[in-house]
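Engineer: I would like the atomic coordinates for the input below:
(one chain, ligands or ions: 1)
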Amino acid sequence: MKKKLVAGNWKMNGTLEANDALVRAVAAGVKDASCLVAVCVPAPYLAQVQMLKAGTPLELGAQDVSPHAQGAYTGEVSAAMLREFGVRYAIVGHSERRQYHGESDALVAEKAKTALASGITPIVCVGETLAEREAGRTEDVVKRQMAAVIHVNGHCISEIVVAYEPVWAIGTGKTATPEQAQQVHALLRKQLAAATEHAERVHILYGGSMNAANAATLLAQPDIDGGLIGGASLKSADFLQIVAAANAASR
Ligand code: 13P
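Structural biologist: I've put the predicted structure just below:
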């Protein structure tokens with residue numbers, strides 16, 4: 001069985017002091033993990049977390065990456081810069097970036113491509129809003145978002161991580177049921193399988209109010225290969241309980 005992947009997305013949270021305590025606790029708790037564990041931190045904290053996690057299996061992630069290699073792009077952070085800080089993963093196309101920063105499917109696909117070219121695994125987020133779900137458009141929306149990334153990345157698509165994050169479940173305490181999530185994960189897997197013979201290898205994470213109480217049942221679904229954790233990744237005890245559920249499901 002492939003190892004589950006648990007990635008924390010701190011979003012725009014943290015202080016030097018709080019990060020220190022959080023990362024020390026998480027790093028100590030993942031020493032013998034049988035799943036993969038990462039924290040995706042705000043860019044200014046990459047150096048701090050890189051140092052704190054050194055010598056442990058905890059991996060470092062960023063929350064975004066520029067589609068440009070370098071140059072006059074004020075405010076952007078390139079994949080090569082992220083690599084210099086030991087970044088292994090970069091979230092791309094999070095719904096908060098699509099919603100508040102106008103990111104299009106095409107831009108998300110370019111970001112995924114740039115990350116891959118620098119040896120960073122993009123965690124590509126897809127997911128429908130509540131209005132889209134209620135209009136019966138869930139399948140259309142996630143397929144469209146995924147198709148753009150497949151189109152631009154070709155056979156490299158087996159190297160990405162996908163995160164299904166229904167927008168209505170993010171930060172709301174409303175989790176998709178394991179059946180709802182599995183249904184979308186299965187259709188994403190099928191879509192990947194049409195593009196690569198290695199679709200089974202791709203980690204498809206679930207994100208949206210995943211917590212210590214619901215992680216085990218979500219992770220028991222055949223196509224749920226891990227979680228992208230927001231709020232619960234800011235508390236070491238909660239995050240480590242999700243890691244423990246992923247460990248159990250990885251064995
Ligand atoms: P919550 O776990 O806080 O719902 O956030 C999920 C998310 O957006 C992770 O990227």
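
Engineer: which SS class is residue 88?
Structural biologist: Reducing the assignment to helix, strand or coil with DSSP: H, G, I helix; E, B strand; the rest coil, the entry for residue 88 is strand.

Engineer: list the contacts of it.
Structural biologist: For residue 88, the residues meeting the contact criterion (Cβ atoms under 8 Å, 6 or more residues apart in numbering) are 38, 59, 60, 61, 120, 121. Glycine gets a C-beta too; all of them are placed from N, C-alpha and C.

Engineer: who in this structure is up against the ligand?
Structural biologist: If contacts are counted using Cβ under 6 Å from any ligand atom, the residues of the chain sitting beside the ligand are 9, 94, 165, 170-171, 207-210, 228-232.

Engineer: what about 8 Å?
Structural biologist: Proximity of the chain to the ligand, by Cβ under 8 Å from any ligand atom, involves residues 9, 11, 40, 91, 94-96, 125, 163, 165, 169-173, 207-211, 228-233.

Engineer: picking that back up, between the contacts of residue 88, which is nearest residue 76?
Structural biologist: Top of the list for closeness to residue 76, among the contacts of residue 88 and by Cβ to Cβ, is residue 120 at 14.7 Å.

Engineer: the closest one touches residue 82, doesn't it?
Structural biologist: Yes. Residue 120 is in contact with residue 82 according to Cβ atoms under 8 Å; the separation is 6.0 Å.

Engineer: look at these two and report which has more neighbours.
Structural biologist: Neighbour totals were compared for residue 120 and residue 82, and residue 82 leads with 25 against 22 (other Cβ atoms under 10 Å).

Engineer: returning to that earlier point: which residues do residue 120 and residue 82 both contact?
Structural biologist: Taking Cβ under 8 Å, 6+ apart as the contact criterion, the residues that touch both residue 120 and residue 82 are 62, 65, 90.

Engineer: mind putting those into JSON lines with pLDDT and neighbour count?
Structural biologist: As requested, the shared contacts of residue 120 and residue 82 are exported to JSON lines (pLDDT from 0 to 100; neighbours: other Cβ atoms under 10 Å):
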{"residue": "62", "pLDDT": "98", "neighbour count": "24"}
{"residue": "65", "pLDDT": "98", "neighbour count": "27"}
{"residue": "90", "pLDDT": "98", "neighbour count": "27"}
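
Engineer: quick one, phi psi at the residue of the chain found nearest the ligand?
Structural biologist: With distances taken as Cβ to the nearest ligand atom, the chain approaches the ligand most closely at residue 230, which sits 2.2 Å away. Here is the backbone geometry of residue 230 (degrees, to the nearest 10): phi -90, psi -100.

Engineer: kindly report the same for residue 62.
Structural biologist: phi -110, psi 170.

Engineer: show me what it is bridged to.
Structural biologist: On the basis of DSSP bridges, residue 62 takes part in beta bridges with residue 90.

Engineer: the strands in the stretch 51-200 of the chain, which residues?
Structural biologist: Listed in chain order, the strands found in the stretch 51-200 of the chain under DSSP state E, counting those that start in this stretch are 59-62, 87-92, 121-126, 161-164.

Engineer: tell me what whichever strand or helix holds residue 242 is packed against?
Structural biologist: Per DSSP states H and E: residue 242 is located in helix 236-250. Identification of packing neighbours for helix 236-250 by 3 or more Cβ pairs under 8 Å, 6 or more residues apart in numbering; DSSP states H and E yields strand 5-9, helix 16-29, helix 215-219, strand 226-229.
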